[in-house]
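Student: Need coordinates for the below:
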Amino acid sequence: MLILKPKFEFDVSVEAELTPELAEKSLEEIKNFKVWYGNAEKTLGELFDVEKEGDGKKLLLDGDFSKVKWVGTGMDDGEIVIKGNIGANCGAYMKGGRITIEGSADDWLGAEMKDGEIIVKGNAKNLIGCAYYGNPSGMQGGKILIEGNAGNYIGEKMTGGTIEIKGNAGDFIGTEMKGGEIIIHGNCGYAGGDMKAGTIKIGGEFDLLPTFRKSENGWTGDVLVGGEGRILKI
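Tutor: Residues are numbered from 1 along each chain as shown. I've put the predicted structure just below:
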């Protein structure tokens, strides 16, 4: 297991594509791993206290990582545990393994992920499981669980997988959704705009577009795009 702790409070963002594979490297290689601190290239050892326990494929990020971006990018197995908040793009392009965030998460959590599991004990911001701007597909598989609340544009362009939010969410849920499932236990704003397929389940209050038709157990649409997506009340 590899344990990282920030040496000081970061003034600018840190771009660090940290994955569990890093834990298998030697301590010297880990400390010399290159990251970006703002526009300056730094080594991991300059920014973090680094401790290695055995050779297990696991990262423990201990402290405030709210300005650290791209953690878990493209990871395909292993485990990351974050004992605090995490910055943007956590779990982007993820293909396997598990990320547990004991605090809250910034924007673009699990963007375009293909498999694996992300658990957030706190809240998450916007664009969970979405496609990056200009790309055709968002989340394709795996599961994201938010135990708190979430922001806007959840699951935009997603084609598979599951996003579950135990609290409330914002506006524009499942926009251009093409598959998969979004579950919101609380309230949210507008859901399903330009939705073609997939399922959105909502436990609380939400805003329904006039382009959805009533079906036997919910609503089907978005009819403006010939969609057969389903919005269900749970």
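Student: And the closest residue to Ile202 other than its chain neighbours, what's its pLDDT?
Tutor: Excluding the flanking residues, the one nearest Ile202 by CB to CB, 6 or more residues apart in numbering is Ile184, at 5.0 Å. For every residue, glycine as well, the C-beta is placed using N, CA and C. For Ile184, the pLDDT comes out at 98.
Student: Quick check: beta-bridge partners of Ile184?
Tutor: Ile165, Ile202 (DSSP bridges).
Student: Could you do Arg98 as well?
Tutor: Going by DSSP bridges, Arg98 forms beta bridges with Glu79, Glu117.
Student: residues contacting Gly78?
Tutor: If you count contacts by CB atoms under 8 Å, 6 or more residues apart in numbering, Gly78 has them with Thr19, Pro20, Glu21, Ala23, Lys57, Lys58, Leu59, Gly97.
Student: Grab the nearest non-local neighbour of the residue nearest in space to the middle of the chain.
Tutor: Residue closest to the average C-alpha location in the chain (CA atoms, centre = their mean): Leu109, at 2.2 Å. Leaving aside its sequence neighbours, Leu109 sits nearest to Ile128 (CB to CB, 6+ apart; 4.8 Å).
Student: With Lys95 instead?
Tutor: In space, Lys95 is closest to Asp76, 4.2 Å off (CB to CB, 6+ apart).
Student: And the pLDDT at that neighbour?
Tutor: 97.
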